[in-house]
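Chemist: Structure, please.
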Amino acid sequence: MKNKVVVVVGATGGIGSALTRKLAVAGARLVLVARNQGRLATLAEELSAEVAIVPTDITKPEQVEALFKQILAEFGQVDALVNAAGAGVMKPYSNLEPADLDAMLEVNLKGSFYTCQGAAELMQERKSGHICNVVGILGKHSMPMASAYCASKYAVVGFSKCMAEELKRFGVKFTLFYFGGVDSPFWDDVSLKVDRKKMLSPETAAEAIMYALAANPQAVPMEINIQPESHLFF
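Modeler: As a prediction, the model looks like this:
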């Protein structure tokens, strides 16, 4: 990963921050993306690497467009994009409000799509690149109380696979990550009762992403599925 330009969306979250620390050690040039500038700045101060922080609301296409224009101006390329941002609403389907569904689709689906679009445009020109979408296990398996969340994540899988087909002739590869529950701040605002002690650690998830990013250029780890032993989907 030395000198590779890696854009981490959701950099201040549990998985994102664990990943940025590992990428910094590996010598990557980092672009950290999240909405909160203060948290981005705090994270950047911890990293011994070339780092740019770009506060961005990924649900706003004009902000995502500005993000990639800035990256191109400062770094000249994007070698990898990691989409680790996400939001969760866990309610019975009958209690879901239109605003709940809108929130899931705006962040999880549209935000990921906009960043993939921006990165893919730059990668296609260079005929090289790697897009990593952290989908979560609920993009592959259903669960009670998660109909809106699953809908948004299943949609991410759909557009990712379509984009992968369109972009493979340009040397752009996709990896989808189906992590089981990860003990991260994601769960702080989720009312669903869960045992976070039995979840995967953010470091475990980050190690899997590092593995995919460092794979041989001819190898395409298309899907990585890691779940805690206590809660397995088959």
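Chemist: mind listing what residue 160 touches?
Modeler: By C-beta atoms under 8 Å, 6 or more residues apart in numbering, the contact set of residue 160 is 116, 131, 133, 135, 174, 176. C-beta: built from backbone N, CA, C; applies to glycine.
Chemist: which SS class is the residue nearest to the first one when sequence neighbours are not counted?
Modeler: This means residue 116. Of all residues not flanking residue 116 in the chain, residue 131 sits nearest, at 5.7 Å (C-beta to C-beta, 6 or more residues apart in numbering). Assigned by DSSP: H, G, I helix; E, B strand; the rest coil, the conformation of residue 131 is strand.
Chemist: Can you tell me who residue 131 pairs with across the strands?
Modeler: Counting by DSSP bridges, residue 131 is bridged to residue 81, residue 174.
Chemist: re the thing from before, can you tell me which of the contacts of residue 160 is nearest residue 16?
Modeler: Residue 16 has its nearest neighbour among the contacts of residue 160 in residue 133, at 13.0 Å by C-beta to C-beta.
Chemist: what about the nearest residue to the closest one once chain neighbours are set aside, neighbour count?
Modeler: Nearest residue to residue 133, sequence neighbours excluded (C-beta to C-beta, 6+ apart): residue 83, at 4.8 Å. Using other C-beta atoms under 10 Å, residue 83 has 27 other residues around it.
Chemist: residue ranges of the strands in the protein, please?
Modeler: For the chain, strands defined by DSSP state E occupy the ranges 5-9, 29-34, 51-55, 80-83, 129-134, 172-179, 223-226.
Chemist: Any idea how far the fifth one is from the middle of the chain?
Modeler: Meaning strand 129-134. Computed by C-alpha atoms, centre = their mean, to the nearest Å, the separation of strand 129-134 from the middle of its chain amounts to 8 Å.
Chemist: list the helices and strands that strand packs on?
Modeler: strand 80-83, helix 112-126, helix 147-167, strand 172-179, helix 202-213 (3 or more C-beta pairs under 8 Å, 6 or more residues apart in numbering; DSSP states H and E).
Chemist: hmm, 10 Å instead?
Modeler: strand 5-9, helix 14-25, strand 80-83, helix 112-126, helix 147-167, strand 172-179, helix 202-213 (3 or more C-beta pairs under 10 Å, 6 or more residues apart in numbering; DSSP states H and E).
Chemist: need the contact list for residue 46.
Modeler: Residue 46 is in contact with 17, 20-21, 24, counting by C-beta atoms under 10 Å, 6 or more residues apart in numbering.
Chemist: Run through the bridge partners of the closest residue to residue 11 other than its chain neighbours.
Modeler: Of all residues not flanking residue 11 in the chain, residue 32 sits nearest, at 3.8 Å (C-beta to C-beta, 6+ apart). Beta-bridge partners for residue 32, by DSSP bridges, are residue 8, residue 53.
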